[in-house]
Structure formats: C-alpha cells, structure tokens
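J.: attaching a predicted model along with its sequence, questions to come.
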Amino acid sequence: MVTAVGGGSGQSLDILQLIINASGVVMAVLFLLICLSVVSWFIIGYKALYYARASSQSSRFLDTFWGAKRLDAVYQESDALADSPLAQMFKAGYVELSKVTAQGAQSAGGIHEGGNLENVERALRRAYTTEMTHLESLVPFLATTGSAAPFVGLFGTVWGIMNSFRSIGAKGAANLSTVAPGIAEALIATAIGLVAAIPAVMAFNYFTRRVKVLSSEMESFSNDFLNLVKRHFLR
C-alpha cells in the first residue's frame, strides 16, 4: 500500500519505490546485503541437507559395523555411504590396517602394538581432519554474514541520513515531506541488514552444534576401532 506524505514533495513512502529511488551508495549497500542473504540461504539449505545425510548414513554405518562379522564386508558397505564421516574414517583406518597386516604377514611377526598401531591411529586422525574440514566448510560464511551485515546496513542508514540532512540544508526547510523519504530510505538498509544477519546467526549456531555432535561420534568411533584392532589384530 502506498502512503502519501503530506507537503510539497509528493514523494511516496512505498518500500519498493524508496529502494528504486535510493542513492547510489545505499543501492550498493542494499545489493550487497541481498547478495549476502541469498548466498546465506543457499548455504543454509545445502548444509542442512548435508548434515541430515551425514547423520542418517552414520547411523546406518554404525548398525552395519557392529552387526558385521568381517571388516571387509563393512568396507564394501561403506562405499555406498559417501556422506558419512564415520564411514570415511573407517575406510582410511581399514586401508592402513590392511597394509600393516600384509607387512606383518610378510615379516612373519604379526602386527605389534606400537609402530603399526600408530600408523592406523595416524590414518584415523588424518581422516578425522579431512572430514571435519568438509563438515565445517561454508559455515564460517554464515558467521561473517551474521556479524557484518548489521554494520553494512548501518553504514547505508548513516549515509541515507546524511543525504537527508543535506537535502534539508539545500532546501532550507525541515518539514515531514523533506525528512521522511530520506529517513525511510536509510532505515531500509538497516532492516535488510538484520534480515540477512538473523537467519545466518541462527543457522551458524545450529550447524556448529551439529558439527560438535558428529565430531564426538567420530572421536568415539576412532577409539572403538583402535580397541577392536588391539583385541583382534595385535600380538
């Protein structure tokens, strides 16, 4: 709905018209904020689906891992669970375990606790680091948007208010029709900054929690896998 402002200017306070008639700096600020918001919502949707698949596939992997009698069968099943960080850690640990097992068979000494076990542990740590990098990717952008967008919007607001006072000085009049459009234009920048920041901050906090949960599951699985190796493969 368009609300007319009394006075001689006849300007409209319709939000769309205020955005279209905004100054170049305010338009640039609004464009930047809209871009940040669009990218943030894309990341939110993408990471939400990714974490949902990671949690679901990790649950399936744990059921397979604890229900299987042979590790090679678990390795074959893990190929279909590409989004599960636990499955990827298991694959890295299993490959390294296969290598040290083959070396132990060739030397007729078996796998001994110490150097060989440390190789498996290092493989698990490398896989953990890789999976954490995947889990945390793109999420820092949400934190950047959440912290920077309000200040970018505030910059647009300050600039718009400066233009309003310049208009008042040029016209030599300070009535509602002179001040209202510029102030309304300026406040739109702050509003859009908050619209971009609030979902980004909420999503960042939620995703950070999801990453911590998956990280704890990976650490627990790493300990369980190493204990299994100690019990069944070490001499």
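T.: That came through, no problem.

J.: which residues touch stretch 90-103?
T.: 61, 65, 71, 74-75, 78, 111, 116, 119-120, 122-124, 126-127, 221-222, 225, 229, 233 (CB atoms under 8 Å, 6 or more residues apart in numbering). To be clear about C-beta, it is placed using only N, CA and C from the backbone, and glycine gets the same treatment.

J.: for stretch 89-106, the averaged confidence score.
T.: The average of the pLDDT scores along stretch 89-106 is 83.

J.: you'd agree residue 26 is in a strand?
T.: No: per DSSP: H, G, I helix; E, B strand; the rest coil, residue 26 lies outside any strand segment and is helix.

J.: that one against residue 189, yeah?
T.: Yes: assessed by CB atoms under 8 Å, residue 26 is found in contact with residue 189 at 5.9 Å.

J.: higher neighbour count, these two?
T.: Neighbours were counted for residue 26 and for residue 189 using other CB atoms under 10 Å; residue 189 has more, 27 against 23.

J.: what's the weakest-modelled helix or strand in the chain?
T.: None of the helices or strands of the chain scores lower by mean pLDDT, DSSP states H and E than helix 15-20, at a mean of 67.

J.: now residue 135: how far from residue 208?
T.: Residue 135 sits 10 Å away from residue 208, taking CB to CB, to the nearest Å as the criterion.

J.: nearest residue to residue 131 other than its sequence neighbours?
T.: residue 85 (3.8 Å; CB to CB, 6 or more residues apart in numbering).

J.: neighbours of that neighbour, how many?
T.: 26.

J.: how close does it sit to residue 66?
T.: 17 Å.

J.: following the host helix or strand of residue 76, which helix or strand comes up?
T.: Counting by DSSP states H and E, the element that carries residue 76 is helix 71-78. Using DSSP H and E, the helix or strand that follows helix 71-78 in sequence is helix 85-107.

J.: could you dump the helix or strand that comes right after that next one to PDB, C-alpha only?
T.: Sequence-wise, the next helix or strand downstream of helix 85-107 (DSSP H and E) is helix 115-136. Output of helix 115-136 as PDB, limited to C-alpha atoms (Å, rounded to 0.1, in the frame of the first residue of the first chain):
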ATOM      1  CA  GLY A 115      54.600 -48.500  15.400                       C
ATOM      2  CA  ASN A 116      52.000 -50.500  13.500                       C
ATOM      3  CA  LEU A 117      49.100 -49.300  15.700                       C
ATOM      4  CA  GLU A 118      50.400 -45.800  15.500                       C
ATOM      5  CA  ASN A 119      50.100 -46.000  11.700                       C
ATOM      6  CA  VAL A 120      46.400 -46.900  12.000                       C
ATOM      7  CA  GLU A 121      45.900 -44.100  14.500                       C
ATOM      8  CA  ARG A 122      47.500 -41.600  12.300                       C
ATOM      9  CA  ALA A 123      45.300 -42.700   9.400                       C
ATOM     10  CA  LEU A 124      42.300 -42.200  11.500                       C
ATOM     11  CA  ARG A 125      43.500 -38.700  12.600                       C
ATOM     12  CA  ARG A 126      44.100 -37.700   9.000                       C
ATOM     13  CA  ALA A 127      40.600 -38.900   8.000                       C
ATOM     14  CA  TYR A 128      39.100 -37.000  11.000                       C
ATOM     15  CA  THR A 129      40.800 -33.800  10.000                       C
ATOM     16  CA  THR A 130      39.600 -34.200   6.400                       C
ATOM     17  CA  GLU A 131      36.000 -34.900   7.500                       C
ATOM     18  CA  MET A 132      36.000 -32.000   9.900                       C
ATOM     19  CA  THR A 133      37.100 -29.700   7.100                       C
ATOM     20  CA  HIS A 134      34.200 -30.900   5.000                       C
ATOM     21  CA  LEU A 135      31.700 -30.500   7.800                       C
ATOM     22  CA  GLU A 136      32.900 -27.000   8.700                       C
END
